[in-house]
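Visitor: for reference, the sequence and a predicted model appear below.
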Amino acid sequence: MKFLNVLTIMLLTVLMSGFNSAFASEQAGLVFKVSNVKTSGVLNVRQQPSASSKVILQLPADARWIIKRTSIKKGSWQKVVWGVKEGWVSDNYLKTDLKGTEVLTKHRQCVMSNPQNSLCCGFNKPSRGRGSSHIIKTYRVIKVAQGQSLNVRESGNANAKKLASIPHNAVGIVKFPGQQVRSGGSVWEKIRWNGRNGWVNSSYLAYDPILSDYRNIVQQVCSAP
């Protein structure tokens, strides 16, 4: 088990290193959010920079943490990353997310200042007297076709207002302990993903042992005195 944990963290350290490098290559630290979209509307993310291209994801009107691929732009179309999904949106529907930009800037500064220990950037030590860190369980999306999305609802019901769309290959979804309801023969659970809270049908979620192990191992390592 120890060998597996070590192997897991080594593999994911390499992946995160690439992730940090990708962020570092972007133009000086800006994060964006949806703008000029009605509260009940969505922003279409398309496969190609064209209004007639296939829609691969729909961002809710208050979506945040959108990263521009600043080196990839065609006319008014901008390539962006949201969660683990990448596609094209009209630049007219994006504006700077000041809070997100501040968080990402601090993260980048941490990575640059701690090249040998950048893994711990973003992992805070627990407060004194708390004891050991709690176990973090994360989940991934299953049973959703490529290019489709998992709907996040306002409440635990298939007819409730849609709040967001989670890509078919999303990971890092966290459940709220004990917040679960039954509706129409399905079990719905409250979750958090990419800064959004809402309810999803639990049959579309599966425990992600690799990412969970990674997060907990890093938390333990980075919380050590």
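Guide: Received the coordinates, thanks.

Visitor: okay, CA-based contacts and neighbour counts for the rest of this
Guide: Will do.

Visitor: could you look up the SS state of the nearest residue to Arg215 once chain neighbours are set aside?
Guide: Closest residue in space to Arg215, ignoring its immediate chain neighbours: Ile136 at 7.1 Å, by Cα to Cα, 6 or more residues apart in numbering. Following DSSP: H, G, I helix; E, B strand; the rest coil, Ile136 is assigned to coil.

Visitor: report the contact partners of Ile136.
Guide: Counting by Cα atoms under 8 Å, 6 or more residues apart in numbering, Ile136 makes contact with 212, 215-216.

Visitor: where are the low-confidence patches of this structure?
Guide: Filtered on pLDDT under 70, the chain yields the residue ranges 1-29, 84, 123-134, 147, 224-225.

Visitor: can you pull out the helices in it?
Guide: 2-25, 98-113, 209-223 (DSSP state H).

Visitor: hmm, Val89 and Trp77 touching each other?
Guide: Yes - with contacts counted by Cα atoms under 8 Å, Trp77 reaches Val89, the gap being 5.6 Å.

Visitor: where do the contact lists of those two overlap?
Guide: Listed contacts common to Trp77 and Val89 are Pro49; contacts here mean Cα under 8 Å, 6+ apart.

Visitor: pretty sure Val34 contacts Ala63?
Guide: Yes - Val34 is within contact range of Ala63, at 5.7 Å (criterion: Cα under 8 Å).

Visitor: for those two, list the residues in contact with both.
Guide: Common neighbours of Val34 and Ala63 (Cα under 8 Å, 6+ apart) do not exist.

Visitor: spit out the contact partners of Ile72.
Guide: Ile72 is in contact with 78-79, counting by Cα under 8 Å, 6+ apart.

Visitor: now stretch 71-81 - C-alpha only, CSV.
Guide: Extracted in CSV, the C-alpha atoms of stretch 71-81 (Å, rounded to 0.1, in the frame of the first residue of the first chain):
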residue,chain,number,x,y,z
SER,A,71,-2.0,32.4,-27.4
ILE,A,72,-4.9,30.8,-29.2
LYS,A,73,-7.4,33.4,-30.6
LYS,A,74,-9.2,33.7,-34.0
GLY,A,75,-11.0,37.0,-34.5
SER,A,76,-13.4,37.6,-31.6
TRP,A,77,-13.2,33.9,-30.7
GLN,A,78,-11.1,32.9,-27.7
LYS,A,79,-10.0,29.4,-26.7
VAL,A,80,-10.7,28.8,-23.0
VAL,A,81,-10.4,26.1,-20.3
